[in-house]
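J.: sequence unknown, structure follows:
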């Protein structure tokens, strides 16, 4: 197409941008190591202790130079760094200029030098960045999941979180952290600003979500209004349309607001048709002016590694709760919602989609006490109003939705069937069903189901098979705001407050890991740190520096912990020496340091294993 850069050209530019971001991430992590080790180095010089080695990394020396008796080097294993003072590993009596000859106070200063430098780096960098302006996801409710603590507390779409338990909130991540690090049973007090400008104060108790291993409130980040829905990935159509193109309509439904976009994005995840029609337009800044065009996405044949499936999902159309509004006078808990505006309903998203398509929800069909009821609203409800009032969820029993065109449908399973046994084993949950199907491989699976209107259970044989799949993803851009303070004093105040909050969160995270309030699988190692640093670098210099400042505080706190083989372990030995009047024996310190080293390495390997699992999608 004339005026458009070629696909190879776009790929080359993206690869170059990715390489620059990767380089920035590597340099950023290297900067933090340099800052920490510089703290130790400067402390040694102030104490009159010679430094033999200043190394970024461990293991064999790669490159470096020697200056004033110090070997400044970069080593092969990029898992940290170290400064080696003269006499650190010597068993003989210390000589002048060696660390053993320094007083306990000076040695305490030397071993805390890296920690102090980590804190100093953050305390200088964070206020400076707030003076410039730090982009953050807005602390606004973009999604409120029904039946969650936020929904029960009365949080509404568009509510802005001003404070949590009196602590000012600047970004959405701060709100998430406050929720995630709450103790079991903790009630949080939220100060809100409603979309109309009025204020509100609500209380909610976060709930532990096993799938994430931490506590959640049920609030999602807000999305941009200008580009509510984008094509994030679509294999095979990249040449026809640049990734990031704005989607104007999905299946003929105009996407006008971020809420409409969220509804249709969810519907696309459950799309059962063979094709999905989109109306798209290139986003601002894309090469060449692409006019609006229709794009037909087709379901792709299964891949060679796709697992056999049967094609059932949990049916979630039972009324579990209602908030104040028009629906409360029509519906009752335990109603089964069959249709919305004449369209079949399997989950709440179907009701919202029907409201978006018709410009409002006008009628419902439900099953109550075994009878069908057709309900008509006095006035149409917008999809957003429906979301605020209605909570649909699964049944206590294992009731399934059957996807058309799948092995389950071919075998005769129907939506609304209640699964009693799978392969002659009682199935109480969808997880049991999924495990039984996975264990069967490509062998037939026996389903014993109870069907509405039938007196006796029905047994069906289902032959699992890989299912056709979609090769696209729809995405929404998170709404960001630049948090800036116009004068240095205000920037300093918010910077110090943020630094204090970050330090507190590190201690809380460690505490919650030990108490089980946060699952240990949320630990991240060097791979996770690298990924987060790279992601920050892709967003720009300020986000990268802000993340590095936060990471510097984390490193400072972790090194402060009294763990042998870390700086905190050395500080503990010095405190013991000060209290006892003499140091622990070299043998005792050696064994304790060895135990600490083994513990630290075990923790690093544990975190690394979770990094690898996340990379592999586990």
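T.: Great, that's in hand. From a predicted model like this one, the values you see are computed outputs, not experimental measurements. Numbering: from 1, shown residues only.
J.: give the contact list for residue 545.
T.: Residue 545 makes contact with 28, 125, 129 under the criterion Cβ atoms under 8 Å, 6 or more residues apart in numbering. Heads up, the C-betas are built off the backbone N, CA and C, glycines and all.
J.: what does stretch 495-506 contact?
T.: Under Cβ under 8 Å, 6+ apart, the answer for stretch 495-506 is 119, 122-123, 126-130, 167-168, 170, 174, 177, 181, 549-550, 553-554, 556-558.
J.: what residues of it count as buried?
T.: 495, 497, 498, 499, 501, 502, 503, 505, 506 (16 or more other Cβ atoms under 10 Å).
J.: try stretch 45-53
T.: Within stretch 45-53, the residues scored as buried using 16+ other Cβ under 10 Å are 47, 49, 50, 51, 52, 53.
J.: so which of these are in strands?
T.: 51, 52, 53 (DSSP state E).
J.: nearest to residue 462 among those residues?
T.: Nearest to residue 462 among these, counting by Cβ to Cβ, is residue 53 at 65.6 Å.
J.: what's the closest of the contacts of residue 545 to residue 225?
T.: residue 129 (26.4 Å).
J.: number of residues surrounding the closest one?
T.: The local packing of residue 129 (other Cβ atoms under 10 Å) involves 21 other residues.
J.: quickly note the distance from it to residue 246.
T.: 31 Å (Cβ to Cβ, to the nearest Å).
J.: ok, residue 26 next?
T.: On the measure of Cβ to Cβ, residue 26 and residue 246 end up 34 Å apart.
J.: more neighbours: which of those two?
T.: When residue 26 and residue 246 are compared for neighbours, residue 246 comes out ahead with 19 against 15, by other Cβ under 10 Å.
J.: so the nearest residue to residue 34 once chain neighbours are set aside bridges to which residues?
T.: Distances taken as Cβ to Cβ, 6 or more residues apart in numbering place residue 56 nearest to residue 34, at 6.4 Å, with adjacent residues excluded. Beta-bridge partners recorded for residue 56 (DSSP bridges): residue 74, residue 81.
J.: quick one, what contacts residue 56?
T.: By Cβ under 8 Å, 6+ apart, the neighbours of residue 56 are 30, 33, 34, 37, 73, 74, 75, 78, 81.
J.: how close does it get to residue 63?
T.: 10 Å.
J.: which residues are common contacts for the two?
T.: In contact with both residue 56 and residue 63: 73, 74, using Cβ under 8 Å, 6+ apart.
J.: mind listing what the nearest residue to residue 137 once chain neighbours are set aside touches?
T.: Leaving aside its chain neighbours, residue 137 sits nearest to residue 172 (3.9 Å; criterion: Cβ to Cβ, 6+ apart). By Cβ under 8 Å, 6+ apart, the contact list for residue 172 reads 136, 137, 138, 139, 140, 221, 222, 478.
J.: what do you get if the cut-off is 6 Å, keeping everything else the same?
T.: 137, 139, 221 (Cβ atoms under 6 Å, 6 or more residues apart in numbering).
J.: among those residues, who's most crowded?
T.: That'd be residue 139 among those, by other Cβ under 10 Å, with 27 neighbours.
J.: I'd say that one and residue 162 touch.
T.: No. Applying Cβ atoms under 6 Å, one finds residue 139 not in contact with residue 162, separated by 7.8 Å.
J.: closest one to residue 356 out of the buried residues of stretch 45-53, please.
T.: Using Cβ to Cβ, those come closest to residue 356 at residue 53, 64.4 Å.
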